[in-house]
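1. sequence and predicted structure are below.
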Protein chains: 2
Amino acid sequence: MPELPMTVPANGLPARVRIHEVGARDGLQNEKTTVPTEVKAEFIHRLADAGLTTIEATSFVRPEWVPQLADAEALFPRVSELPVDLPVLVPNDRGLDRALALGARRIAVFASVTESFAKANLNRTVDESLAMFDPVVTRAKDRQAHVRGYLSMCFGDPWEGPVPIPQVVRVAKALYDMGCDELSLGDTIGVATAGHVRALLTALNDAGVPTPALAVHFHDTYGQALANTLAALQHGVTTVDASAGGLGGCPFARSATGNLATEDLVWMLQGLGIDTGTDLGRLVATSAWMAGHLGRPSPSRTVRALSHKEQ
Amino acid sequence: MPELPMTVPANGLPARVRIHEVGARDGLQNEKTTVPTEVKAEFIHRLADAGLTTIEATSFVRPEWVPQLADAEALFPRVSELPVDLPVLVPNDRGLDRALALGARRIAVFASVTESFAKANLNRTVDESLAMFDPVVTRAKDRQAHVRGYLSMCFGDPWEGPVPIPQVVRVAKALYDMGCDELSLGDTIGVATAGHVRALLTALNDAGVPTPALAVHFHDTYGQALANTLAALQHGVTTVDASAGGLGGCPFARSATGNLATEDLVWMLQGLGIDTGTDLGRLVATSAWMAGHLGRPSPSRTVRALSHKEQ
C-alpha cells in the first residue's frame, strides 16, 4: 500500500493546521492498564520527534480521580525540555499551583456545556464550574500562561440528547470573556455531523468568538470525525485536536472508538497539501509501539493499513 | 448513546442522495466463509426492508473466478420481485446473457483505469477490456437495461502509485461514450483525499461527463471515505456507493477495513438533513445479523456504537 496520499489541494482551506495532540493525556486517562512514567515520557518524546508541536502532556488532577495520570509531577520534568508546547490540564487552583511550580506555560481547563455532565464530571452546576475556573484562568493569565478552555458535550449529551447551540455559545462566551486564549469544542460522544459543526462555528463567530480562537475536538464513535474536521477546516478552523493512534475511548460509549486518530487526520491534511510539519511514518511507528504497550491494536485506519504493511 | 444525530442542514448539498448498496456483491465477493444462498437472499430482503432502493445483488462471472457468488442463478430469482433496483455485475457477453435471461434490468461492467489492475483482474490491457465491454454495453442498452460502469483504481493503484487524473478521464469518457448511464468512481485502495476527489469530478465535468452520471465509491482503508463523500456531495454528486456494515475488504490491503459503511454514511446524511429513505436502526440490525453469520464484528463505527448499545 502507498505510504502517502497524492497531494491535491482544495479551495478555501487553511494553508497550515496546528494539530493539538491529546494522546498522552486524553488518550491515556481512561486506560485501565497502568502505563509506566518512562513509557509516557518516551511516547511524548517520540510524538515530538514525529513533528508534533503541541502535545498535551498530562493532567494535574487529584491522583485518586485519574489514577493513570497520578504521575504528573514525575512525568512533566522528563518532557519539559522538549522544544514543543506542552499544555497540561488543571481542574482548579490547586492543580494550577502544581503545574506552575513545574514550569508549565500552557494550561487547560475542562468545562461542560451540559448540566448533566457538569454534575457527573465536576460535581457542580455549569455556573458553579465556571465560577471555579474564573480565578484559575485569571491567575494563569497573570503568569503569562496560555489558557485553553475545553468544552465538552458541544453537540450531544448521553443524558440530555442533542445540545442546543445557544447553550454551547453561552458557556463558550463565558470562557472566552474570562480570558481563555483558545476554546476546544468537544464532541465528546461523537454524534456531530458536518452541518451541525458549521452552524456552531458560525454561531460562535456571531457571538464574538473569532475562528482563530477555536479548535475542534471530534470523536469517531459514529465514524464522523474526519468529515466533521473537513467541515471545520472549510470554515477556517486551523487547530484540530487528535490522538495518536486514536487512543482514548469515550467513557460513555461501550464502542472501542474514541478520539480522531492523528494519523487519519495527517493523511487527509497531507493529501490536501496542508502543512502540519509531521512525519506520518514516525507517527504510525509510535502508535504501533504504544499499541504494543497497551496490548491491543490501534483503532486508527491509517495505523492499521500502514503497520500491517510493515508486518 | 443516541440513536440518531441532530439534523442541521448545510448549504450547497443535494436534497436527496441515492445510496447504491454494494454489500451483497462487492461486500461478500472476497469472503472466505461460504454464505448460503438463503442467507444472501434474506440479507437483500432485509436491506430492502431498511429502505435501500438500489441493492447490487450478485455477479454473473464464471463461478470459478468468484466462488462466493457462484450461486447467482439461484439467488437472483429469490430477490427479483422486490420493489427495488437490483443491479448485477456482468464481466462479458456470456454474463450478460445469464443476467438478461433471469430478467435483470440493471447491469454493471467493471473496468480498471490502470494497466496493472486491468492485467491482474481481467487479464487484458485497458483498451482490450474496453473493447470487450463495448458490445456488452450496446446490447444491454438495446434491451433497455440501465448500465453502470465501474472504474477501479481512480486515485491510486497498489502497483503504479498515484493515478493521473487524465488517465481516469480517458477511461471514464470511453465508458460514457459507449452508453453507460452511470459511472462509479472507485477508490479501490482507499488513498483518495478530499481535494483529489473534487479535482477528478471537475475534470470529468470538463470532459463532458455530467455530475448526475457520476457516483462515488470510497474505501475506508485510511479513514477517508466519509470525508471524501462529503467533498463529493459538495460537488453535487447524488449517488454514493456504500456497503452495509462496511462489508468487503480491499483485496490488496491486509487491513481489515474496506468499503464505506452504509450506516456511517446514513448517520452523516441524516445529520445533514439529506433524505435517503432508510431506517438506520434496521440497517444496523441487519449488519449485526450478517456479522454473526460471518463470525466477526462489523468494522462500521456506527454499527459498533449502536449494536453495543443493544447488548
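-> Everything's here; your move.
2. every contact and neighbour count from this point should use C-alpha atoms.
-> Will do.
3. against residue A:209, how distant is whatever residue of the stretch 101-250 of chain A ends up closest to chain B?
-> The stretch 101-250 of chain A approaches chain B most closely through residue A:227 (3.9 Å), counting by C-alpha to the nearest C-alpha. Distance of residue A:227 to residue A:209, given as C-alpha to C-alpha, to the nearest Å: 23 Å.
4. picking that back up, for the residue of the stretch 101-250 of chain A closest to chain B, which non-adjacent residue is spatially closest?
-> residue B:227 (3.9 Å; C-alpha to C-alpha, 6 or more residues apart in numbering or on different chains).
5. surely the one you found and residue A:232 touch.
-> No: here residue B:227 does not reach residue A:232: they are 11.5 Å apart, not a contact under C-alpha atoms under 8 Å.
6. now name the helix or strand holding residue A:230.
-> If you go by DSSP states H and E, residue A:230 is part of helix A:225-235.
7. sorry, slip of the keys, the one I care about is residue A:204.
-> Counting by DSSP H and E, residue A:204 is part of helix A:194-206.
8. and that helix with chain B, contact?
-> Yes: shown here: helix A:194-206 in contact with chain B (C-alpha under 8 Å from any C-alpha of the partner chain) through A:194, A:195, A:196, A:198, A:199.
9. now do stretch A:280-297
-> No: figure legend: stretch A:280-297 not in contact with chain B (C-alpha under 8 Å from any C-alpha); closest approach 11.5 Å.
10. contacts for that stretch?
-> Stretch A:280-297 is contacted by residues A:3-4, A:33, A:35, A:43, A:46-47, A:49-50, A:244-245, A:263, A:266-267, A:298, A:302-304, A:306-307 when judged by C-alpha atoms under 8 Å, 6 or more residues apart in numbering or on different chains.
11. close enough to count as contact, the residue of the stretch 101-250 of chain A closest to chain B and residue A:195?
-> No: counting by C-alpha under 8 Å, residue A:227 stays clear of residue A:195, with 10.3 Å between them.
12. chain B contacts on the stretch 101-250 of chain A?
-> A:158, A:161-162, A:189, A:191-196, A:198-199, A:220-224, A:226-228, A:230.
13. at 6 Å what do you get?
-> When proximity is defined as C-alpha under 6 Å from any C-alpha of the partner chain, the stretch 101-250 of chain A approaches chain B at A:158, A:162, A:191, A:193, A:195, A:196, A:221, A:222, A:223, A:226, A:227.
14. turn the residues you listed into JSON lines, columns for distance to residue A:109, neighbour count and pLDDT.
-> As requested, those are exported to JSON lines (distance: C-alpha to C-alpha, whole Å; neighbours: other C-alpha atoms under 10 Å in any protein chain shown; pLDDT from 0 to 100):
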{"residue": "A:158", "distance to residue A:109": "21", "neighbour count": "16", "pLDDT": "92"}
{"residue": "A:162", "distance to residue A:109": "23", "neighbour count": "19", "pLDDT": "96"}
{"residue": "A:191", "distance to residue A:109": "23", "neighbour count": "33", "pLDDT": "96"}
{"residue": "A:193", "distance to residue A:109": "25", "neighbour count": "30", "pLDDT": "98"}
{"residue": "A:195", "distance to residue A:109": "27", "neighbour count": "24", "pLDDT": "98"}
{"residue": "A:196", "distance to residue A:109": "24", "neighbour count": "23", "pLDDT": "98"}
{"residue": "A:221", "distance to residue A:109": "24", "neighbour count": "32", "pLDDT": "93"}
{"residue": "A:222", "distance to residue A:109": "26", "neighbour count": "27", "pLDDT": "95"}
{"residue": "A:223", "distance to residue A:109": "27", "neighbour count": "34", "pLDDT": "96"}
{"residue": "A:226", "distance to residue A:109": "25", "neighbour count": "24", "pLDDT": "98"}
{"residue": "A:227", "distance to residue A:109": "27", "neighbour count": "26", "pLDDT": "98"}
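15. which of these lies closest to residue A:95?
-> Proximity of these to residue A:95 (C-alpha to C-alpha) peaks at residue A:158, which lies at 27.8 Å.
16. distance of that closest one from residue A:116?
-> 9 Å.
17. one more: residue A:135?
-> For residue A:135, the distance to residue A:116 equals 23 Å [C-alpha to C-alpha].
18. now render the residues of the stretch 101-250 of chain A next to chain B as TSV, adding distance to residue B:70.
-> Formatted as TSV, those follow (distance: C-alpha to C-alpha, whole Å):
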residue	distance to residue B:70
A:158	46
A:162	47
A:191	40
A:193	40
A:195	43
A:196	45
A:221	36
A:222	34
A:223	33
A:226	38
A:227	37
